[in-house]
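**Student:** 3D, please:
(chains A and B)
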Amino acid sequence: MERDGVLVMEHLKELISRFSCAYVEDYKKIWIKAKLNSKDDLLDVAKALQTEGLRSLSTVSPTDFAEDGIMEINYFFEDLDTKRNLWLKVDLPRDEAVCEIESLTPLFASANWHEREAYSMFGVRFLHHPDLRDIIKSEDFRDKYPFRVDFDWDAHEKETVANVQQIVDAFKKEQSENEVDLESDSSETILNWGPTHPASGPIRLRVHCDGEEIISIDPDIGYVWRALEHLVTKKDFIGAIVAVERLCFMDNINSMVGYAMAVEEIAGVTITPFASWMRVLLGETARISSHFMGMGVFFNNMGLHTLAMWNMDTREFFLDFLESYSGARIATAAIEPGGVRYGLDMRMFDELQKALDKFDANIDEVEAIFVKNPTMRMRAAEVGRLSADEIHMFGLSGIVARASGVKTDIRIDEPYAAYDKLDLEYITQERGSARDRFVMIFEELKSSVAIIKKAKQHIEEAVANGEMNPTKDHMVKVPKKLPKGEAISRVEWARGEVLMHLVTQEKAKSPYRLKMRAPSFNHTMMLDYLLRGQTLSDIPLIFGSLYVCQGDLDR
Amino acid sequence: MSELFFNAFVFPGLLYVLIWTVGLFWFFRKFMAALHKRVGPSFNGKAGSYQTLFDLSKLLTKESITPDGVNPYLFSIMPLLAVIVAMLPSAFIPWMDSFVVIKSDYGLLALVVLIGIEPFLLFLTGFGSHNKYSFLGGIRILTQAISMETAFVLAALSPAILFSTLNLSAIVEQSSWFSFLVLFPGFILYFIALLGLLEQPPFNIPDAEQEIVFGFYTEYSGTNYFLLQVAMFAEFMAVFAGAVTLFLGAYKGIFFDSYLFFFLKMLSIALVMMTIRAATPRITLSQMLNFSWKYMVPLALLNIAWIFFAKSLWFMGA
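**Tutor:** Coordinates of the predicted model:
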């Protein structure tokens, strides 16, 4: 198997080498890193990669090197089946007038919003993009590119009143024009589903519908945009975790793990076994807390609040453990580059044991009443279906991908922390419907508890043997200043793949650029695709089943 | 005159409906909380029993906003009409032995018609709100009312056919354990149709908050919202009382006859309704239509046939 893997990687390398490249090199076990000499080759490379089987484009991430006058675009191509990945770079001139490149959206549907984001934030124009509009950023940033390093935030923020006025004007203009093009005697209308809708959260869907039937949906996102990717560049490497964990409050541990791994790679630091096991333990606890919410939201969106309440009841016990470890229930800031932030008092495991007991006592009831609920099956078993091909095409990950039978799980594909020492297996469902995604969350919840039990037992045994010292082993020193470099790291977050692309400059005290590729971005892109021709009743159901968190949608 | 005044404002009129609203509202919240593994209201009064009183009186003092662009008379008269129409059926209900406010040979007809008018008033609240979500809610409630009332009326007819009378008091007098068994399929159909009429899960489609915000309620606030809430609970009472009168023998008790039994029977219907509410997600409009016309209406017709059959077999002498 190992042998084959290497062969396949060599084949991919050879394929890239046919084009004119500055370099082609191995990166990690399942990545190849390459840089194209000319942006004109991009479309040909992309076509070749697609034929080769790398059908998903994870994200498009520009890095702005202002001093060199270069805008470097990073493409991350993935093959979810054979686990071969390509990190492709290409340089563009930085000048706004000529900063343009061919769009990959016609080839890779998943590139759509990612290219729009790169356009909005960096002003990179993608030629032949079907729908190159601003996304995420608010109206007051129109024709401004906030993530360019020379953007003057202070000047922008001095004009607060004018900015707010600009947002209000734009919204009013849009409302007045909404229905101008519709026939006056038809039953068509444009509904604002959100951002203050009971089931929407801070997102707005412009729903063009004919009575109850949906004609199209245009999501308007950015209501909780905090510019986290910019914020981290203003903080040191430790302080940045505060921004990183706010990707989404529900599973904050795993996003910090991803960031910490990228920093450790640049610093050349290896963490202790104790820290890696703790990352598994804490990460799965956070995953459980997130999955409990996700299951609750799914049923809430069908008008049944009982499951959410029951789940809250059990979830509190897991939060108790996080609190006893870090002092905070939600925003724990518990993972740092170099390990985990605190030592472990073994008595904290009593809290964890309480949570596990509570879970075991309740889970059968939840399965009998809710997972096997016949009314839920009637509503959800046929809607929102995604085939495996669509998963590849739209670059979906996490429970959404696995619910359609695609075997992808970064904990297994590219193990991090101590996941390689655990015997994990892919958990999948077959049909890819909204119900399958719900069942998927439930199954993964159970597997997470099993992982926690194993990790807890391993730590307890190792501490008893004297192999681990829980009060001293939690950190290794990471220098405050990092060398020039870049790294990517991927983690299996509660909602799917989080890819962090970290760039540092010489003697860096803070990140130069941190791209956080978050799964909800791709999943929200699917709303229009899945909901066309369905009825208004299916919006909350499918929206809930895609397990979207607005935090990582907007960042 | 004073008797009429008592009937209109105390029992079974305004005061009775208000106490019922406050009490049942509190009971719903407490019962729901237990099913949710929560505590529910607990600060004001014993076990939070004052809470709904405070909530409802708070609504009365809040600003009642009338949106731009609506007809203010239509917008504000509808909640008032909804309350009055929802309260009217209780005048025809035999609450106690030989206690009926309006003695009529056509009590059942009045009950069915008055319950049937209510959704149209609520549709008009949605229609008059000048809001897309309210309008969608109005359309939905009309769709649902038309489909569910067919089965509702057919189910409500079964005791009338069995006892050959539309007089509610006469129906109660003739009812027995045996007639309860004969009418049991009709009772089940009535109960399911009741869920649809009262917009309770799984048929809470017209005010589905995750889909269309709050349906026809969306634009209402303050006093108008208070009135709509009272109308909803008065409607609960009318429909529950209808079920108890038609199928469960009204005030007839085990050892003695009393209003107490009437109340307990209404409460047990409410309990079942709440338990379903805590365990069943909402279905879609098309599934509701399917269910209603493919299953409910044919079954209700079959039930009528069964009633005729049972009548010819056991009730011909009476």
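
**Student:** tell me the phi and psi of A:Phe122?
**Tutor:** Comment: the main-chain dihedrals of A:Phe122 come out as phi -120, psi -10, following degrees, to the nearest 10.

**Student:** ugh, wrong one, I meant A:Leu502
**Tutor:** Its backbone dihedrals place A:Leu502 at phi -110, psi 130, with angles given as degrees, to the nearest 10.

**Student:** go on, A:Gly485?
**Tutor:** phi 180, psi 180.

**Student:** how many residues are close by A:Ile271?
**Tutor:** When counting by other Cβ atoms under 10 Å in any protein chain shown, one arrives at 24 neighbours for A:Ile271. Every residue, glycine included, has its C-beta placed from N, CA and C.

**Student:** beta partners of the residue nearest to it when sequence neighbours are not counted?
**Tutor:** In space, and not counting its chain neighbours, A:Ile271 is closest to A:Gly339: 4.8 Å by Cβ to Cβ, 6 or more residues apart in numbering or on different chains. Residues in a beta bridge with A:Gly339, per DSSP bridges, are A:Glu336, A:Met475.

**Student:** so what's A:Gly339 up against?
**Tutor:** A:Gly339 sits next to A:271-272, A:274-275, A:278, A:473-476 when contact means Cβ atoms under 8 Å, 6 or more residues apart in numbering or on different chains.

**Student:** same check, this time on B:Glu199
**Tutor:** B:141, B:144, B:205-207.

**Student:** among those, which two are most distant?
**Tutor:** Checked with Cβ to Cβ, those reach their widest spread between B:Gln144 and B:Asp207, with 10.6 Å between them.

**Student:** which helix runs longest in chain B?
**Tutor:** When chain B is parsed with DSSP state H, its longest helix is helix B:132-163.

**Student:** does chain A sit close to it?
**Tutor:** Yes - with Cβ under 8 Å from any Cβ of the partner chain as the measure, helix B:132-163 is seen reaching chain A through B:132-133, B:136, B:139.

**Student:** about what we covered before: check what pLDDT the residue nearest to A:Ile271 gets.
**Tutor:** Looking at A:Gly339, its pLDDT is 85.

**Student:** tell me how far it lies from A:Glu351.
**Tutor:** Note on A:Gly339: its distance to A:Glu351, by Cβ to Cβ, to the nearest Å, is 21 Å.

**Student:** who's in contact with the helix or strand that contains A:Gly544?
**Tutor:** Following DSSP states H and E, one finds A:Gly544 within helix A:538-545. Here helix A:538-545 makes contact (Cβ under 8 Å, 6+ apart) with A:193, A:199-200, A:205, A:207, A:214, A:217, A:297-298, A:300-302, A:379-380, A:383-384, A:434-435, A:437-438, A:527, A:530-531, A:534, B:210-211, B:284.

**Student:** show me those residues that map onto helices.
**Tutor:** Within the contacts of helix A:538-545, residues falling in helices by DSSP H are A:297-298, A:300, A:379-380, A:434-435, A:437-438, A:527, A:530-531, B:210-211.

**Student:** of the residues you listed, closest to B:Ala243?
**Tutor:** Distances from those to B:Ala243 were compared by Cβ to Cβ; the smallest belongs to A:Arg379, at 27.8 Å.
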